[in-house]
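Student: requesting a structural model of the entry that follows:
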Amino acid sequence: MCALPDSQQPILRQIEPTPCTLSLSTTLFLLKFIVLAIVLTFVSGCASSAADQPLNALATSPAPTTTSLPDPASTTDSDSPSACGLSERDALQRRISAQLFAFSREDFQGARNQASSTFKASFDTQGFEEMIRTGFPYLLSQSAVAFGRCRLSGQTASLEVRFTAGTTATLVYFFLRERGQWWIDGASPAADPVTNESTTS
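Tutor: Residues are numbered from 1 along each chain as shown. Model prediction:
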């Protein structure tokens, strides 16, 4: 913009300040350019902060009260809980379905046969029938169920089951692996994550 005197053009041996005057339009152009550069720097800094914002919001927002289970990939202990694989989930669901089918026919011996040896040692067929009729009568008339969360921990597992025919109950079934198969080892009402109360209506 400012030209050097002709004597300094070929070789710049000595640099001396030269008077330089800029026109008003050039000054305004440079001022706009500087302001634009500052604004762009600021905006690009905000953009990276905005990208981080959802993570920060998650870190500071209150989380619902639930039990957090460790990530199975981050642990080497075979007894730490992890999500069920497809084959395990399928085996657990088939065991529950077989028991519910026996209940629908009021075949309490057949339903009890889906249980682990430790469970069967605790209840004979008559005691089992009495427990179902008094504590879980909705199991006798279930035509549809929804399977929920499934967890494995070594030789034990659990599976949530929501019953929809005439009730809104959810049970957590507990399983024990014996003789290479999963057997029902008990069930209890699941706690509602909102009210933290059992769901047995």
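
Student: let me see the ranges of the strands in this protein.
Tutor: 82-83, 145-153, 156-163, 170-178, 181-189 (DSSP state E).

Student: list the contacts for the nearest residue to residue 139 once chain neighbours are set aside?
Tutor: Leaving aside its sequence neighbours, residue 139 sits nearest to residue 103 (C-beta to C-beta, 6 or more residues apart in numbering; 5.0 Å). From N, CA and C alone the C-beta is placed, and that goes for glycine too. Residues near residue 103 by C-beta atoms under 8 Å, 6 or more residues apart in numbering: 111, 132, 139, 140, 142.

Student: run the last query once more with 10 Å
Tutor: By C-beta atoms under 10 Å, 6 or more residues apart in numbering, the residues touching residue 103 are 110, 111, 114, 129, 132, 136, 137, 138, 139, 140, 141, 142.

Student: which of the strands of the chain comes out lowest on mean pLDDT?
Tutor: Of all the strands of the chain, strand 82-83 carries the lowest average pLDDT, namely a mean of 90.

Student: what pairs with it, and is each one parallel or antiparallel?
Tutor: strand 145-153 (antiparallel) (DSSP bridges).

Student: that older thread, could I get the contacts of residue 103 as a markdown table with neighbour count, distance to residue 85 and pLDDT?
Tutor: Listed next are the contacts of residue 103 as a markdown table, based on neighbours: other C-beta atoms under 10 Å; distance: C-beta to C-beta, whole Å; pLDDT from 0 to 100:
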| residue | neighbour count | distance to residue 85 | pLDDT |
| --- | --- | --- | --- |
| 110 | 15 | 28 | 98 |
| 111 | 24 | 26 | 98 |
| 114 | 21 | 21 | 98 |
| 129 | 17 | 34 | 97 |
| 132 | 19 | 30 | 96 |
| 136 | 17 | 28 | 92 |
| 137 | 12 | 33 | 92 |
| 138 | 19 | 30 | 90 |
| 139 | 21 | 27 | 93 |
| 140 | 15 | 31 | 92 |
| 141 | 13 | 32 | 86 |
| 142 | 20 | 26 | 75 |
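
Student: can you put those residues in TSV and add distance to residue 166?
Tutor: Below are the contacts of residue 103 laid out as TSV (distance: C-beta to C-beta, whole Å):
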residue	distance to residue 166
110	22
111	19
114	22
129	20
132	15
136	12
137	9
138	6
139	11
140	10
141	6
142	9
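
Student: with respect to residue 176, which of those residues is nearest?
Tutor: Nearest to residue 176 out of those is residue 114 (C-beta to C-beta; 11.8 Å).

Student: could you report the neighbour count for the closest residue to the closest one other than its chain neighbours?
Tutor: Nearest in space to residue 114, with sequence neighbours left out and distances taken as C-beta to C-beta, 6+ apart, is residue 99 at 4.1 Å. Other residues lying near residue 99 total 21 when counted by other C-beta atoms under 10 Å.

Student: okay, residue 99: pLDDT?
Tutor: pLDDT at residue 99 comes out at 97.
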